[in-house]
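Asker: Dropping a prediction and its sequence here:
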Amino acid sequence: MNIHTRVALTSTVLAVCCALAFVAQWLWSNDRYHQEVTQRLHAGLAQYIVEHLSEPLFTEATIDGQSQVNHPVLKSIAMNTMMINPSVEVYLLDLEGRVLGHALPEQEVEAGQVDVAPILRFLEGQKSGAVRGENPRDRSVRSIFSTTPVLHEGQHVGYLYVLLGSHQQQTIASTLEASHAFRVGLVALGAIALLFALLAWMAFQKLTSPLRRLASQARNYRLENFEAAEASPYRAEDEVEELRHSMHLMQQRIQDQFDRLTESEQHRKELVSNVSHDLRTPLTAIQGYLETLLSAEKRDQATHMEYLKIAHRHSRYLGTLIEELFELSRLDAGQVEPDYEIFSITELMHDVCADYRIRARSKDITIELDAPEAPLTVRADIALIQRVLQNLLDNALKHTPAGGVVKLIVREDHGQVELDIADSGSGIRAEDLPYVFDRYFQSLSQAGDTMQGANGSGLGLSIVRKILALHDASIQVQSKPNEGTQFQFALKLV
């Protein structure tokens, strides 16, 4: 639901609630005001009746000394009064509030006694609001009244209690109110509410149009840049939620970019530091041997050739190191995008093994390949996977002594192709296994060899892990000192 519709509906509901509250308060206040005015206008009615009686309300005392109510006089008063105002009811009460007489049918008078507290407040002259007393016909209903003390032979013997709003009048008023006025009011209120809702909807639609345009632009940008690949993109409930969600995604994107910039800057600093450190050793060696060769001192041909071979070996190592540094730098910076294609991993393993057999034979190392005859195909970047296999084989050959074996295993397992490269070399200490894929890490095995060999750069395994991460794959390592090391990774079978 659009925000202007929600705001319009909310405003309409609040306005209707306020209108109902106002009407209820107005009806209540109007009723209280009417009762107060009526009571004040007729406050002296009971006293007027008593002062103009033709006969007293009580007869002369009988033999037992008790006075009796003069019912004919009381009935005459009630009838004459009700002829003038049908809503008036007349009662004669004693000092305790007991009903001594009235002009109504007996079955209509439910209560034989009323509370005298309101009568006393009325006689004391309460100035704030109307004083309402109990109605003998229905004690749950309180009505305004007029009252005055009744004297007999100079003694206060009771009260003339005149109700100004009878039970019948209230019932008729309630019926009329429910059947006519109340329904008319509800219809009018409903019409006003609909009109207010329409006007509010139009007004808020106009006021929120800039917000809707901004939310639409934010949603288009989000769908194009943040959720383009999602099958079911997020659908916001309103414009504010759309802006909140888009701002959250942009905040995440900015934070990710900031983190990558920070990481890239850290990598740059590490690269500069590592390059300056790692290039210094081979450059110093090359420079030293070349200066020795250029010196005037005479040397035999064998020494001359030995110095040249050492300088050449250091130059080759320098070239390899520079190549690996820049390759790892490109991987860290996210500049390498795999060129996916479908190829046979078994054929690639055969090709790589064939390339390394001559080198292995020169070191008296045997390379064994255990792969199924049927081709197993994967979808990956063939050049990067070949680089992974080359780095792992380089690492295995460096740490396998003469007479050792490097074994490559290819097998299918649950929709994946698992590849193992195991050697019978010096192995890795258990405490160093978690760090073998860290750049420049070189662990000393129990045999005293380096993890990457005497000429290892410490970058080969880091490159392997980075390349496999681009293919959503991981690599595991198992090793025992003096027994050998096994690397294992898996690719999805297609």
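Answerer: Nice, thanks for sending it over. Numbers count the residues shown, from 1 in each chain.

Asker: quick one: Ala422 is in a strand?
Answerer: Yes - the assignment for Ala422 is a strand, going by DSSP: H, G, I helix; E, B strand; the rest coil.

Asker: Now do the helices in the chain.
Answerer: 3-41, 45-51, 71-84, 117-124, 167-176, 182-207, 209-225, 239-294, 301-332, 345-362, 382-399, 460-470 (DSSP state H).

Asker: list the contacts for Leu419?
Answerer: By CB atoms under 8 Å, 6 or more residues apart in numbering, Leu419 lies in contact with 345, 349, 389, 408-410, 488-491. In this view, the C-beta of every residue, glycine as well, is placed from N, C-alpha and C.

Asker: Pick out whichever of the residues you listed sits closest to Glu239.
Answerer: Of all the contacts of Leu419, the one with the least separation from Glu239 (CB to CB) is Leu491, at 46.2 Å.

Asker: do you know how far the closest one is from Leu331?
Answerer: For Leu491, the distance to Leu331 (CB to CB, to the nearest Å) stands at 18 Å.

Asker: again, but for His350
Answerer: Distance from His350 to Leu331, by CB to CB: 27 Å.

Asker: returning to what we had before: least reliable of the helices of the chain by average pLDDT, please.
Answerer: When the helices of the chain are ranked by mean pLDDT, helix 167-176 comes last with a mean of 48.

Asker: Ala111: which of the helices of the chain is closest?
Answerer: Per CB to CB, nearest to Ala111 of the helices of the chain: helix 167-176, 11.6 Å.

Asker: Need the helices of the chain in a markdown table (columns: distance to Val477).
Answerer: Converted to a markdown table, the helices of the chain look like this (distance: least, CB to CB, whole Å):
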| stretch | distance to Val477 |
| --- | --- |
| helix 3-41 | 56 |
| helix 45-51 | 110 |
| helix 71-84 | 111 |
| helix 117-124 | 97 |
| helix 167-176 | 91 |
| helix 182-207 | 64 |
| helix 209-225 | 39 |
| helix 239-294 | 23 |
| helix 301-332 | 19 |
| helix 345-362 | 19 |
| helix 382-399 | 10 |
| helix 460-470 | 9 |
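
Asker: Mind putting these into CSV with mean neighbour count and distance to Gly154?
Answerer: Formatted as CSV, the helices of the chain follow (neighbours: other CB atoms under 10 Å; distance: least, CB to CB, whole Å):
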stretch, mean neighbour count, distance to Gly154
helix 3-41, 14, 29
helix 45-51, 17, 14
helix 71-84, 15, 19
helix 117-124, 15, 18
helix 167-176, 13, 35
helix 182-207, 13, 53
helix 209-225, 14, 85
helix 239-294, 14, 83
helix 301-332, 15, 118
helix 345-362, 15, 129
helix 382-399, 21, 125
helix 460-470, 20, 116
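
Asker: do you know which of these lies nearest Glu483?
Answerer: For Glu483, the closest of the helices of the chain is helix 382-399, at 11.8 Å, according to CB to CB.

Asker: other SSEs contacting the closest one?
Answerer: The elements that helix 382-399 packs onto, with contact taken as 3 or more CB pairs under 8 Å, 6 or more residues apart in numbering; DSSP states H and E, are helix 345-362, strand 405-413, strand 416-423, helix 460-470, strand 484-492.

Asker: Adding distance to Arg98 as columns, could you present these in CSV?
Answerer: As requested, the helices and strands packed on helix 382-399 are exported to CSV (distance: least, CB to CB, whole Å):
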stretch, distance to Arg98
helix 345-362, 111
strand 405-413, 103
strand 416-423, 102
helix 460-470, 100
strand 484-492, 101
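
Asker: so which of those gets nearest Ala8?
Answerer: Judging these by CB to CB, what sits closest to Ala8 is helix 460-470, at 52.7 Å.

Asker: before we move on, the earlier item: for Leu376, find the nearest of the helices of the chain.
Answerer: helix 345-362 (5.4 Å).

Asker: what's stretch 7-18 in contact with?
Answerer: For stretch 7-18, contacts defined as CB under 8 Å, 6+ apart pick out 189, 193, 196-197, 200-201, 203-205, 208.

Asker: now with 6 Å?
Answerer: Around stretch 7-18, the neighbours that count as contacts under CB atoms under 6 Å, 6 or more residues apart in numbering are 193, 196-197, 200-201, 204.

Asker: Using CSV, write out the CA atom coordinates for that stretch.
Answerer: Listed next in CSV are the C-alpha coordinates belonging to stretch 7-18 (Å, rounded to 0.1, in the frame of the first residue of the first chain):
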residue,chain,number,x,y,z
VAL,A,7,-1.5,8.3,5.7
ALA,A,8,-5.0,9.2,4.2
LEU,A,9,-6.6,6.2,5.8
THR,A,10,-4.9,6.8,9.1
SER,A,11,-5.9,10.4,9.1
THR,A,12,-9.5,9.5,8.3
VAL,A,13,-9.7,7.0,11.1
LEU,A,14,-8.2,9.5,13.5
ALA,A,15,-10.6,12.2,12.3
VAL,A,16,-13.6,9.9,12.7
CYS,A,17,-12.5,8.8,16.2
CYS,A,18,-12.1,12.5,17.1
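
Asker: For Ala193, which non-adjacent residue is spatially closest?
Answerer: Val16 (4.9 Å; CB to CB, 6 or more residues apart in numbering).

Asker: The one you found and Phe196: what is the separation?
Answerer: Val16 sits 8 Å away from Phe196, going by CB to CB.

Asker: so what's Ile421 scoring on pLDDT?
Answerer: Reported pLDDT for Ile421: 94.
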